[in-house]
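>>> no sequence for this one, just the structure:
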């Protein structure tokens, strides 16, 4: 599932990141990597999404959010 | 021993570098609670036990890879020889993200001291950090807990700086996997052979493995036989694995309450209510500016009345000649005094903006406006300079440095002057009050709205004309909300009030004298008939052009031209032009309204005038800043011409349509 279409107020794990080289490097430096846990906090109608990663809160535009593939975390995780 | 230690403050955006810098140097640099407030390198000095320390405050960065203009500034200083030691300011409440830059800085091999800032917030959140284990895991560099805001730990930090500024970081902190370490070793050998002078081989090797453009350009090394891909991702991954270990060992959570921030964000970043809430907040800012400001203004007007009386009495008693009296009372005091009475409005406006900026809401504005800005080809981040533009266009234009691409920057620079800055406030307050009575506030609000609408329409048109499709998407950190810090607010507001007073004492002072002079002199010398003055001569040449806009009198032309020096000057010029001593007082307004009414200048003309003032060429200070930021005189001049034409067209449209409707 793409990060711009998840339910909100739920936890996910990043499965795959497909972005332009520049954005990809930037996200990696912020610690948004394959396997990283993210919590989706809120979303605008245009797809811009607020997430919490490694204790920091980020607003990602729709263009970025749709390039991040996530999978839902099971309850024990 | 060096006589002076040069200390660079590096760290993530919004981690408190500038607060720390201010605390040491006594400077009053702007501080606020959103990422990207500092866009320029700033230097200052402090002393510790007789040692001089030169402190360098830098724009925040998340990593040593640079994307935007302000990040390049920081990277250059950190990588170059400008600093002896790096103070890595770390937001302890977001340790996991901050440590990434720390690990990169440690690899540089330069002396590093970590300032663990915001420890007070860590405590409030019920977190604990193991201050013994943390430095061990960071290669035994000093880690000093400080609170820049409460000014604790400051001496300890300087003590650490003084002790460690010559100490290179020794062993590698992060041990990468064998695959990477072997490559680092091999590349190091090659660099050493090719560039025997080269220092810090490990860092250079890592950067070459990461495909860093600048490093590869400076010291190209052929690694095609050992590296078949870009290893940046793997290196970042391994750094984060190490950070996770550190967090595991050093950070303890004692409970996980849902923070205030998340609750507030349910409303403030609501998918539907977000935009209306933002508009309401801005409306409240201007409402307070007008109402509270006006209430206090009465006191200033009384004071000004008293000053006029005192000046007249004093000058008469001193036996000053007529022209001196006229210059002082009708020129300087009318012009400068008239502007000073708006100080309460200015004060309230900046107080409200300071609250907005220091509360943490600013970054949300970028998110909330991302939808609308997206439609015109910009990211929501481009809206931040525009919000700053409600205060003053100059810092707003500079704030566009946080935008990653040059085209977005220029576009935003073009839009920013349409946000009504505080200098246009007196014009709205005065003309709306004089001509619109109880609808004054509606009239003034409509101008703020009009400015935003024009900006957005313009962005839409530019998007079509410049045909840019590679929009830079939104990516911004949203800090926790906090109660604005009284000291921060005080500095913010005082700096702005000081600017305003300085402007009254310089630009407006000089402009008032010039206006007085051109109104009272002509080629024959002093004249008592204003219609034969220099001012009238100049104004009459251009007045016919402004007739279709309902502004075709020479006095208005003179006021508008003088307004290029600063927009408040439009008002001070009106005071001098129409001989109104205390223009914003009830008597002053009556005088102005009668004088203008006599030439058939009514509410419609006033509205056209306000529209013209909203849209026409910004002040010279803004133009100088635009020139500096775009490095292009021709681009700046084109902007000037464009804005003049736009203002003219809009004022004509307002006046003609209004006249047709019989307004």
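That came through, no problem. All of these numbers come straight from a predicted model, not from anything done at the bench. Numbering: from 1, shown residues only, chains lettered A, B, ... in the order given.

>>> give the residue spans of chain B that score low on pLDDT.
Along chain B, the model assigns pLDDT under 70 to residues B:1-2, B:169-170, B:254-258, B:467-470.

>>> wait, I meant chain A
If you take pLDDT under 70 as the line, chain A has these spans: A:75-77.

>>> which residues of it fall in helices?
A:21-29, A:62-65 (DSSP state H).

>>> figure out which of the ones you listed is closest to residue B:247.
helix A:21-29 (17.1 Å; CB to CB). Heads up, the C-betas are built off the backbone N, CA and C, glycines and all.

>>> do the closest one and chain B meet?
Yes. With CB under 8 Å from any CB of the partner chain as the criterion, chain B is reached by helix A:21-29 at A:22-29.

>>> hmm, back to that, of the helices of chain A, which stretch is the most buried?
helix A:62-65 (a mean of 23; mean count of other CB atoms under 10 Å in any protein chain shown).

>>> contacts for that one?
If you take CB atoms under 8 Å, 6 or more residues apart in numbering or on different chains as the criterion, helix A:62-65 is touched by A:2-4, A:19, A:23, A:27, A:46-49, B:374, B:471, B:473-475.

>>> give me the distance from it to the chain's centre.
Relative to the chain's own centre, helix A:62-65 is displaced by 9 Å; criterion: CA atoms, centre = their mean, to the nearest Å.

>>> for the helices of chain A, give me JSON lines that also has distance to residue B:594.
JSON lines is the format used below for the helices of chain A (distance: least, CB to CB, whole Å):
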{"stretch": "helix A:21-29", "distance to residue B:594": "62"}
{"stretch": "helix A:62-65", "distance to residue B:594": "57"}
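
>>> residue B:394 is nearest to which of the ones you listed?
helix A:21-29 (29.1 Å).

>>> what helices or strands is the closest one leaning on?
strand A:10-17, helix B:232-250, strand B:475-477 (3 or more CB pairs under 8 Å, 6 or more residues apart in numbering or on different chains; DSSP states H and E).

>>> mind running it again at 7 Å?
helix B:232-250 (3 or more CB pairs under 7 Å, 6 or more residues apart in numbering or on different chains; DSSP states H and E).

>>> and the contacts of the helix or strand just after the helix it packs on?
Counting by DSSP states H and E, the next helix or strand C-terminal to helix B:232-250 is strand B:251-253. By CB atoms under 7 Å, 6 or more residues apart in numbering or on different chains, the list of residues contacting strand B:251-253 from outside reads B:95, B:126-129.

>>> strands of the stretch 101-250 of chain B, start to end?
B:112-117, B:127-129, B:143-145 (DSSP state E, counting those that start in this stretch).

>>> out of these, nearest to chain A?
strand B:127-129 (9.5 Å; CB to the nearest CB).

>>> ok, and what's touching the closest one?
B:92, B:122, B:250-254.

>>> checking residue B:46 next. Helix, strand or coil?
strand (DSSP: H, G, I helix; E, B strand; the rest coil).

>>> surely it is in contact with residue B:24?
Yes. Counting by CB atoms under 7 Å, residue B:46 does reach residue B:24; the two are 4.3 Å apart.

>>> anything in contact with each of those two?
residue B:55.

>>> contacts for stretch B:639-654?
So stretch B:639-654 is contacted by B:414, B:417, B:548-549, B:551, B:607-608, B:611-612, B:615-617, B:623, B:626 (CB under 7 Å, 6+ apart).

>>> which of those residues lies closest to chain A?
For the contacts of stretch B:639-654, the nearest to chain A is residue B:414 (21.6 Å; CB to the nearest CB).

>>> enumerate every residue touching the closest one.
residue B:639.

>>> roughly how far does it sit from residue A:28?
With distances taken as CB to CB, to the nearest Å, residue B:414 is found 33 Å from residue A:28.

>>> centre-most residue in chain B?
The centroid of chain B falls nearest to residue B:395 when counting by CA atoms, centre = their mean (3.7 Å).

>>> who touches that one in this structure?
residue B:388.

>>> mind doing that once more with 8 Å?
B:30, B:388.

>>> any idea how far residue B:385 is from it?
Residue B:395 is 9 Å from residue B:385, by CB to CB.

>>> give me the residues contacting stretch B:488-507.
Outside stretch B:488-507, the residues that reach it (CB under 8 Å, 6+ apart) are B:19, B:22, B:28, B:30-32, B:336, B:339-340, B:343, B:346-347, B:350-351, B:353-355, B:357-358, B:391-392, B:422, B:565-566, B:568-569.

>>> centre of the chain versus that stretch, how much separation?
14 Å.

>>> any buried residues in it, and which?
B:488-489, B:491-493, B:496, B:499-500, B:503-504, B:507 (16 or more other CB atoms under 10 Å in any protein chain shown).

>>> residues near the closest residue to chain A within the stretch 101-250 of chain B, how many?
Per CB to the nearest CB, residue B:236 is where the stretch 101-250 of chain B lies closest to chain A, at 4.5 Å. As a burial measure, residue B:236 scores 23 neighbours (other CB atoms under 10 Å in any protein chain shown).

>>> quick one, what contacts the nearest residue to residue B:57 once chain neighbours are set aside?
Spatial nearest neighbour of residue B:57, excluding adjacent residues (CB to CB, 6 or more residues apart in numbering or on different chains): residue B:21 at 4.0 Å. Residue B:21 makes contact with B:9, B:27, B:29, B:42, B:44, B:55, B:57, according to CB under 8 Å, 6+ apart.

>>> please tell me how far the last one sits from residue B:29.
Looking back up the chat, that one is residue B:57. 7 Å.

>>> which residues are in contact with each of the two?
Contacts common to residue B:57 and residue B:29, judged by CB under 8 Å, 6+ apart, are B:18, B:21, B:38, B:42.

>>> pipe those residues into CSV and attach distance to residue B:518 and secondary structure per row.
Shown next, in CSV, are the shared contacts of residue B:57 and residue B:29 (distance: CB to CB, whole Å; DSSP: H, G, I helix; E, B strand; the rest coil):
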residue, distance to residue B:518, secondary structure
B:18, 44, helix
B:21, 46, helix
B:38, 43, coil
B:42, 41, strand
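
>>> and the residues you listed, which two are furthest apart?
That would be B:21 and B:38, which, of those, are the farthest apart (CB to CB) at 8.9 Å.

>>> so what sits against both of these two?
B:29, B:57.

>>> out of the contacts of helix A:62-65, which end up buried?
Applying 16+ other CB under 10 Å to these flags A:2-4, A:19, A:23, A:27, A:46-49, B:374, B:471, B:473-475 as buried.

>>> can you report how many residues lie near the nearest residue to residue B:93 once chain neighbours are set aside?
Residue nearest to residue B:93 in three dimensions, not counting chain neighbours: residue B:121, with 4.4 Å by CB to CB, 6+ apart. Residue B:121 has 17 neighbouring residues, counting by other CB under 10 Å.

>>> so what's residue B:121 up against?
B:92-93, B:480.

>>> again, only this time at 10 Å
For residue B:121, the contact set (CB atoms under 10 Å, 6 or more residues apart in numbering or on different chains) comprises B:91-94, B:127, B:147, B:149, B:480, B:482.

>>> what about the strands in chain A?
Assigned by DSSP state E, chain A shows strands spanning A:10-17, A:37-43, A:49-53, A:56-60, A:68-72.
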